[in-house]
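*Asks:* sequence-free structure coming up:
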């Protein structure tokens, strides 16, 4: 993997992590079409995790006020405004915990299968078609609630969706946002919840994968490539978040379903 490949993959990760078109699916397909060798593919999971950490930086940048508000809410005794769209209630920490546990229930038992799927472009292409179906469901969502209205059942189902989206080609942001919308959240607030949730989720997942890697893996990709990919992922992640929030405000997220369907079918025809 050359430094240009790392830059391309970092840009793809940043854009597709938040736009509901599956970062993992695009990375798997990009690695296939860029001709990344088998040794690099064996290390690809670690490289992808580094790119995901870049997108965590993007969330911290775009939602810094929300994140600091979360911690300010711990010190506050005022709960009367919890149901307002812009409020950050104390209970959100519990909701995040419920979502993360639900993600683990799905993701941990089938973790090794997902790792194998990351080397299979056919699986990634098929996942894009599944994402298209999920995004189309947003057309029937009429939610208008704010992040303060998230209930344990909603948090659990969003977490399950996040766990399923570990599969390459299935968009994490698309899946969790649509689930939130179907369960009563507005598109913007569903995105707010899922992006904030991504911070602890990605950090925990990355830590677990790194522990696996240092026991079994070898570093074949130059360190400089990791740095380039990380920076590109962070910068383009910020761009993608701002684009998606604008699109959600206009209620047009279902438009991405057309792209995912076409991309999935085209990829299947090429790699199949």
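*Replies:* Perfect, I can see it now. Please read these numbers as outputs of a predicted model, since none were measured by experiment.
*Asks:* Could I get the contacting residues of the closest residue to residue 102 other than its chain neighbours?
*Replies:* Closest residue to residue 102 apart from its sequence neighbours, by CB to CB, 6 or more residues apart in numbering: residue 159 at 2.8 Å. C-beta coordinates here come from the backbone N, C-alpha and C atoms, glycine included. Residue 159 sits next to 98-103, 105 when contact means CB atoms under 8 Å, 6 or more residues apart in numbering.
*Asks:* Apply 10 Å and report the result again.
*Replies:* Shown in contact with residue 159 (CB atoms under 10 Å, 6 or more residues apart in numbering): 95-107, 176, 179, 197, 201.
*Asks:* Only whichever of those are buried, select them in ChimeraX.
*Replies:* Buried residues within these, by 16 or more other CB atoms under 10 Å, are selected in ChimeraX with:
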select :95,96,98,99,100,102,103,104,106,107,176,179,197,201
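*Asks:* May I ask you to confirm that residue 237 is in contact with residue 199?
*Replies:* No - with contact defined as CB atoms under 10 Å, residue 237 does not reach residue 199; the gap is 12.0 Å.
*Asks:* Mutual contacts of these two, please.
*Replies:* Counting by CB under 10 Å, 6+ apart, the shared contacts of residue 237 and residue 199 are 55-57, 59.
*Asks:* And the residues you listed, which is closest to residue 155?
*Replies:* residue 59 (17.9 Å; CB to CB).
*Asks:* which SSE is the closest one in?
*Replies:* Assessed by DSSP states H and E, residue 59 sits inside helix 38-62.
*Asks:* Ok, residue 178 next?
*Replies:* In this structure, residue 178 is located in helix 172-182 according to DSSP H and E.
*Asks:* I'd like the next helix or strand past that helix.
*Replies:* Proceeding N to C from helix 172-182, the next assigned helix or strand is helix 187-216, under DSSP H and E.
*Asks:* Any stretches of the stretch 1-150 of the chain with poor pLDDT?
*Replies:* Residue ranges of the stretch 1-150 of the chain with pLDDT under 70: 1, 31-32, 34-45, 73-87, 108, 110-119.
*Asks:* in it, which spans are helices?
*Replies:* With DSSP state H, counting those that start in this stretch as the criterion, the stretch 1-150 of the chain has helices at 3-18, 23-34, 38-62, 64-75, 92-107, 111-117, 121-136.
*Asks:* Any idea which of those helices gets closest to residue 150?
*Replies:* In terms of CB to CB, the element of those nearest to residue 150 is helix 92-107, at 5.0 Å.
*Asks:* what's that closest one packed up against?
*Replies:* helix 64-75, helix 152-164, helix 172-182, helix 187-216 (3 or more CB pairs under 10 Å, 6 or more residues apart in numbering; DSSP states H and E).
*Asks:* Find the one among those helices with the highest mean neighbour count.
*Replies:* helix 172-182 (a mean of 27; mean count of other CB atoms under 10 Å).
*Asks:* quick one: that helix to helix 187-216, angle?
*Replies:* Here the directions of helix 172-182 and helix 187-216 differ by 140 degrees (axes from the mean of the first three to the mean of the last three CA atoms, to 10 degrees).
*Asks:* got the helices of the stretch 1-150 of the chain as a markdown table, with distance to residue 227 columns?
*Replies:* A markdown table is the format used below for the helices of the stretch 1-150 of the chain (distance: least, CB to CB, whole Å):
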| stretch | distance to residue 227 |
| --- | --- |
| helix 3-18 | 9 |
| helix 23-34 | 17 |
| helix 38-62 | 9 |
| helix 64-75 | 23 |
| helix 92-107 | 28 |
| helix 111-117 | 24 |
| helix 121-136 | 26 |
